[in-house]
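Trainee: Quick one: sequence plus predicted model below, questions after.
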Amino acid sequence: MPRRTFLRFTRAQLLDQELITRYLLSLSPEQLHRDSSVFPKMASRPFFGNDAPLELEVGCGSAEQLCHLAHQLPGCNFIGVDIARKSLEKAIELAARLELSNIKFLHADFQHMTPLLIPQSLQAVYLHFPDPHLKPKCRKRRIFNQAFLDTLDSTLVPSGTLSVMTDVEEFFLDMLQIIEADPRFIKTHPERYLIGFSGTVRSHFQRLWEDYGETIYRFEYRKR
């Protein structure tokens, strides 16, 4: 599949209900709090009817990279989570255009999804361009913290990986300091951290910030 096919979508078209039903599940915080048992657990069997390895992107946006992975790795399943419905509609459009059967999207806030997570269910987690919440009073809203790593330690399989990427250096170094201090995770690269990302497909946010001349910082760790 040519790269331009993955990057062509700039605006979601009107989606029919069949596509929405096929690819999207909405999880409101109120419903999760009231009765999480009505929703499937975060594993391949409930979502895809098989036991293939499962990878998750937290804050997937329009999911260019995740759809590319799903297209390249048909033997693996993928779930993208985002709070922005319009971005997910673009993701659905792309997944449908590529006729992907191994990807689903959740319209949800990941920080409310703890009741759906189960031990050793995820092969990889991607956290690319999360909201940095730079204002001091808002920093407590950051998704990357010790509780997030506790969740990953439980849900990742042994040697499962976490990929983190952002253009905000201050935010990146804060995240890096947190994970460097956690003995449950180890780097997959010799460098302290990595600069840039030259994958076949760039996400919307990577294209946006690189076009503005911003540096992309990233690291990848695996569970011991």
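Mentor: Alright, I've got the coordinates. Numbering: from 1, shown residues only.
Trainee: Next one: the spatially most central residue of the chain from Glu191, what distance?
Mentor: Within the chain, the residue whose C-alpha comes closest to the C-alpha centroid is Glu57; the distance, by C-alpha atoms, centre = their mean, is 1.3 Å. For Glu57, the distance to Glu191 (C-beta to C-beta, to the nearest Å) stands at 23 Å. The way it works is simple: take the backbone N, C-alpha and C, and place the C-beta from them, glycine included.
Trainee: Repeat that for Glu55.
Mentor: With distances taken as C-beta to C-beta, Glu55 is found 23 Å from Glu191.
Trainee: Who has more neighbours out of the two?
Mentor: Set Glu55 next to Glu191 and count neighbours by other C-beta atoms under 10 Å: Glu55 wins out with 25 against 8.
Trainee: Provide a list of residues in contact with the spatially closest residue to that one that is not a sequence neighbour.
Mentor: Setting aside the residues directly before and after it, Glu55 is nearest to Ala124 in space (C-beta to C-beta, 6 or more residues apart in numbering), at 4.3 Å. Counting by C-beta atoms under 8 Å, 6 or more residues apart in numbering, Ala124 makes contact with 55-56, 156, 160-163.
Trainee: and if we set it to 10 Å?
Mentor: 53-57, 69, 76, 78, 156-157, 160-163, 220, 222 (C-beta atoms under 10 Å, 6 or more residues apart in numbering).
Trainee: Counting neighbours, which of those comes out on top?
Mentor: Across the contacts of Ala124, neighbour numbers were computed from other C-beta under 10 Å; Phe78 holds the maximum, 30 neighbours.
Trainee: Just the element for that one, please.
Mentor: Phe78 belongs to strand 77-82 when elements are defined using DSSP states H and E.
Trainee: and if you look at Cys67?
Mentor: With DSSP H and E as the test, Cys67 turns up in helix 64-72.
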